[in-house]
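> Predicted model follows, preceded by the sequence.
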Amino acid sequence: MTTQTQTQTAPTTAAALTPKFGTIDTWIALSGMGRRTTYDELGRGNLRAVKVGTRTLINIEAGLAWLHSQPAAKIRAPKQRIAA
């Protein structure tokens, strides 16, 4: 008689892999924003951060929610060039 062991793994979704708080470098990697823009948005209050010792940790979930709330980019198709 053999017994089979079944292991269950949690689904690997983006939400399961995203940390609650992260460093500035983590935020930059996740969001695609630059360091300067990140600090500008922290100063405006659009991104939330806490200080733990000397480290600044950004609330990743709140930051991604803010990023998703931004208006969609309006990008026009390039103009057709007339061959001379």
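Received it, and whenever you're ready, just let me know what you need. Not measured: the values here are computed from a predicted model.

> ranges for the strands of this structure?
Here the chain has its strands, by DSSP state E, at 21-23, 49-52, 55-59.

> Tabulate those in a markdown table, adding columns for mean neighbour count and distance to D40.
Backbone N, C-alpha and C define where each C-beta goes, glycine included. Formatted as a markdown table, those follow (neighbours: other Cβ atoms under 10 Å; distance: least, Cβ to Cβ, whole Å):
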| stretch | mean neighbour count | distance to D40 |
| --- | --- | --- |
| strand 21-23 | 17 | 17 |
| strand 49-52 | 12 | 13 |
| strand 55-59 | 17 | 13 |
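
> quick one, which of the ones you listed is nearest to G34?
The minimum distance between G34 and these falls on strand 55-59, with 13.9 Å, by Cβ to Cβ.

> so what strands line up beside that closest one?
strand 21-23 (antiparallel), strand 49-52 (antiparallel) (DSSP bridges).

> Just put these in JSON lines and tack on distance to L30 and mean pLDDT.
Output for the strands paired with strand 55-59, formatted as JSON lines (distance: least, Cβ to Cβ, whole Å; pLDDT from 0 to 100):
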{"stretch": "strand 21-23", "distance to L30": "7", "mean pLDDT": "95"}
{"stretch": "strand 49-52", "distance to L30": "14", "mean pLDDT": "96"}
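
> possible to save these as TSV with distance to A77?
Below are the strands paired with strand 55-59 laid out as TSV (distance: least, Cβ to Cβ, whole Å):
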stretch	distance to A77
strand 21-23	37
strand 49-52	39
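
> quick one, which of these is nearest to I60?
I60 sits nearest to strand 21-23 of all the strands paired with strand 55-59, at 5.0 Å, using Cβ to Cβ.

> Might you quantify the distance of that closest one from its chain's geometric centre?
Distance, stretch centre to chain centre, for strand 21-23: 10 Å (Cα atoms, centre = their mean, to the nearest Å).

> Give me the contact list for it.
For strand 21-23, the external contacting residues (Cβ atoms under 8 Å, 6 or more residues apart in numbering) are L30, V50, R55, T56, L57, I58, N59, I60.

> How about stretch 35-43?
Contacts of stretch 35-43 (Cβ under 8 Å, 6+ apart): I24, W27, I28, S31, M33, L47, A49, I58, W66.
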